[in-house]
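>>> Structure for this input, please:
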Amino acid sequence: MSEYSFVKGHGTENDFVLVPDAQGRHELTPEQVVRLCDRRAGIGADGVIRVVRTDATDDPAAVAARGEATWFMDYRNADGSVSEMCGNGIRVLGRFLATHADVDPRDPLPVATRGGVKVLTFADGRHDGDVTVDMGTPELLGDTEIGIGERSWPAVHVSMGNPHAVAFVDDLADAGPLTEAPRHDAATYPDGVNVELVVRRGEHHVAMRVHERGSGETRSCGTGACAVVVAAARADEAPRGTAYAVDLPGGTLSITWTEDDRVLMTGPAVLVAEGLTAL
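Predicted coordinates for the structure are as follows:
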């Protein structure tokens, strides 16, 4: 076994293990990711982020972003599977780079992901405030359906660079414990889907629960909150530029679908521990 340095962080209690690997020497296996995320035998997390320079990895997304972004977010779900990116995770990654790397929080920070390059800005140019991420242009891809137990709901298929099915429900408790992945159309989502269950709390104010593919129910999902606001704003016929508050079990995010068809997500990013682990 070898020793790896790590940093633990969370965004609205969606938690991650970051593995600093600027020079691309520590490609992680699925088994190592699973061990890191194990909440009893490992550090415990919803996912793992390997922090690597775009010029130190041959991942196609990183290679394509060279010249535009210095850093690449190599994101893995808790089951070891590869994912496009993670909205809460990229804020935590931004906090790490602002405090542990040669990154000036007064400047916009582009980060390469498998879902495209995302640009982060830090509140008031500080490394300790909220972080805003330009999550890019959403895709509304039609209607679908999800099911849990004996119940099913119509849902909206939204892509934020990764797939989502957004269902408006009467009560968030209707989903039960969400211990298993909700049923979904395998033809629409051949690689699985993040499922968001949503209720309205007031004008431009919603609450949600989420089952993330590869991780199960999590305390928060940044891309999921963005997908929810896209679906809600369309249903509400809300003017572009309207900010929505999204309540999640782990906290609240502010999401705006802008006039130029971008989705901006603002929320906290907290680093809680760092050390060494054997893998």
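
>>> Contact partners for the closest residue in space to Q23 that isn't next to it in sequence?
Nearest non-adjacent residue to Q23, counting by C-beta to C-beta, 6 or more residues apart in numbering: A56, 5.1 Å away. C-betas here are computed from N, CA, C, even on glycine. By C-beta atoms under 8 Å, 6 or more residues apart in numbering, the contact set of A56 is D21, A22, Q23, G24.

>>> residues in contact with the spatially closest residue to P163 that is not a sequence neighbour?
Counting by C-beta to C-beta, 6+ apart, P163 lies nearest to V193, which is 4.7 Å off, once chain neighbours are set aside. The contact partners of V193, by C-beta under 8 Å, 6+ apart, come to P163, H164, A165, H184, R213.

>>> Check T144 too.
Neighbouring residues of T144 by C-beta under 8 Å, 6+ apart: P154, A155, V156, H157, A165, H184, D185, T188.

>>> Could you spell out which stretches of the chain belong to which domain?
Per automatic domain parsing, the structural domains of the chain span 3-134+268-278, 139-261.

>>> Next, format the ones you listed as CSV and append mean pLDDT.
Below are those laid out as CSV (pLDDT from 0 to 100):
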stretch, mean pLDDT
domain 3-134+268-278, 96
domain 139-261, 96
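
>>> Would you map the helices across the stretch 101-250 of the chain?
Taking DSSP state H, counting those that start in this stretch, the helices of the stretch 101-250 of the chain run over residues 222-236.

>>> returning to what we had before: pull out the buried members of the contacts of T144.
Neighbour counting by 16 or more other C-beta atoms under 10 Å classes A155, V156, H157, A165, H184 among the contacts of T144 as buried.

>>> which phi and psi does the last one have?
Think H184. Dihedral pair for H184: phi -150, psi 170, per degrees, to the nearest 10.

>>> count of residues packed around G116?
Number of residues near G116 (other C-beta atoms under 10 Å) recorded here: 17.

>>> Numbering from 3 from now on, please.
Will do, 3 is the new start, and the previous item becomes G118.

>>> partner residues bridging it?
For G118, the beta-bridge partners under DSSP bridges are T115.

>>> these two touch, right, it and G138?
Yes: when contacts are counted by C-beta atoms under 8 Å, G118 is listed as touching G138 (5.7 Å).

>>> Now list whatever residues contact both of these two.
Common neighbours of G118 and G138, using C-beta under 8 Å, 6+ apart, are G163.

>>> Nearest residue to the residue of the chain positioned farthest from its centre in space, please, no chain neighbours.
Within the chain, the residue lying farthest from the chain centre (C-alpha atoms, centre = their mean) is M3, at 29.9 Å. Leaving aside its chain neighbours, M3 sits nearest to A280 (4.6 Å; criterion: C-beta to C-beta, 6+ apart).
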